[in-house]
Structure formats: structure tokens, C-alpha cells
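A.B. asks: Build the 3D model from these lines:
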Amino acid sequence: MKVNMGNVDRIVRLILAAIMILAVVLQWVSGAIAIIVALLAAVFVITATVKFCPLYLPFGLSTNKSE
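C.D. replies: Numbering: from 1, shown residues only. Predicted coordinates for the structure are as follows:
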């Protein structure tokens with residue numbers, strides 16, 4: 001698995017994930033939407049942690065400056 005995410009991309013994803021988790025915890029969203037938002041937040045945290053986004057592959061994208 002090749003690293004394809006830069007630091008700015010990772011920080012943005014982590015901030016968005018924190019906002020989404022906060023929205024679920026504070027019940028700004030509820031029901032099925034809350035489940036979807038929580039799952040999306042989990043995906044953001046995982047991809048930011050492993051520095052790899054599988055959706056970038058088909059498009060040949062990379063935000064990693066060290067390549």
C-alpha cells in the first residue's frame with residue numbers, strides 16, 4: 001500500500017471526522033443519517049491514520065508531496 005495522502009489532507013480529514021462525531025454525539029443528526037455520518041467519520045479517521053485513500057487510486061491522485 002503506497003502512501004498517497006499529504007499532511008494537510010490528513011489534518012482536514014481528522015477535523016471533519018471530529019465535527020461529524022460531535023454532530024452524532026450531540027444529536028445534531030439522528031436516525032439513519034447519524035449512522036451514515038458515524039461510518040463516514042470512521043473511514044476518514046482510518047484513511048488519515050494509514051495515510052492511504054483507496055478512492056485516489058482510480059483517478060491517479062496523490063496529495064503526498066514526498067513522491
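A.B. asks: and the spatially most central residue of the chain, what does it touch?
C.D. replies: Most central in the chain under Cα atoms, centre = their mean is Phe44, positioned 1.8 Å from the mean C-alpha point. Phe44 makes contact with 13-14, 16-17, 20, according to Cβ atoms under 8 Å, 6 or more residues apart in numbering. Bear in mind the C-beta positions are built from the backbone N, C-alpha and C, glycine included.
A.B. asks: could you redo the last one with a cut-off of 6 Å?
C.D. replies: Residues counted as contacts of Phe44 (Cβ atoms under 6 Å, 6 or more residues apart in numbering) are 13, 16-17.
A.B. asks: now swap in Ala38 and tell me
C.D. replies: Val24.
A.B. asks: what about it, helix or strand, and which?
C.D. replies: Per DSSP states H and E, Ala38 falls inside helix 32-50.
A.B. asks: Can you list the buried residues in that helix?
C.D. replies: Across helix 32-50, burial judged by 16 or more other Cβ atoms under 10 Å covers 34, 37-38, 41, 44-45, 47-48.
A.B. asks: Using PDB, write out the CA atom coordinates for it.
C.D. replies: What follows is helix 32-50 as a C-alpha-only set of coordinates in PDB (Å, rounded to 0.1, in the frame of the first residue of the first chain):
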ATOM      1  CA  ALA A  32     -30.100   6.500   9.700                       C
ATOM      2  CA  ILE A  33     -28.300   9.700   8.800                       C
ATOM      3  CA  ALA A  34     -26.400   9.500  12.100                       C
ATOM      4  CA  ILE A  35     -25.200   6.000  11.300                       C
ATOM      5  CA  ILE A  36     -24.000   7.100   7.900                       C
ATOM      6  CA  VAL A  37     -22.200  10.200   9.300                       C
ATOM      7  CA  ALA A  38     -20.600   8.000  12.000                       C
ATOM      8  CA  LEU A  39     -19.400   5.500   9.400                       C
ATOM      9  CA  LEU A  40     -18.000   8.200   7.200                       C
ATOM     10  CA  ALA A  41     -16.200   9.700  10.200                       C
ATOM     11  CA  ALA A  42     -14.700   6.300  10.900                       C
ATOM     12  CA  VAL A  43     -13.500   6.000   7.300                       C
ATOM     13  CA  PHE A  44     -11.900   9.500   7.500                       C
ATOM     14  CA  VAL A  45     -10.100   8.500  10.700                       C
ATOM     15  CA  ILE A  46      -8.800   5.200   9.300                       C
ATOM     16  CA  THR A  47      -7.700   6.700   6.000                       C
ATOM     17  CA  ALA A  48      -5.900   9.600   7.700                       C
ATOM     18  CA  THR A  49      -4.200   7.200  10.100                       C
ATOM     19  CA  VAL A  50      -2.900   4.800   7.400                       C
END
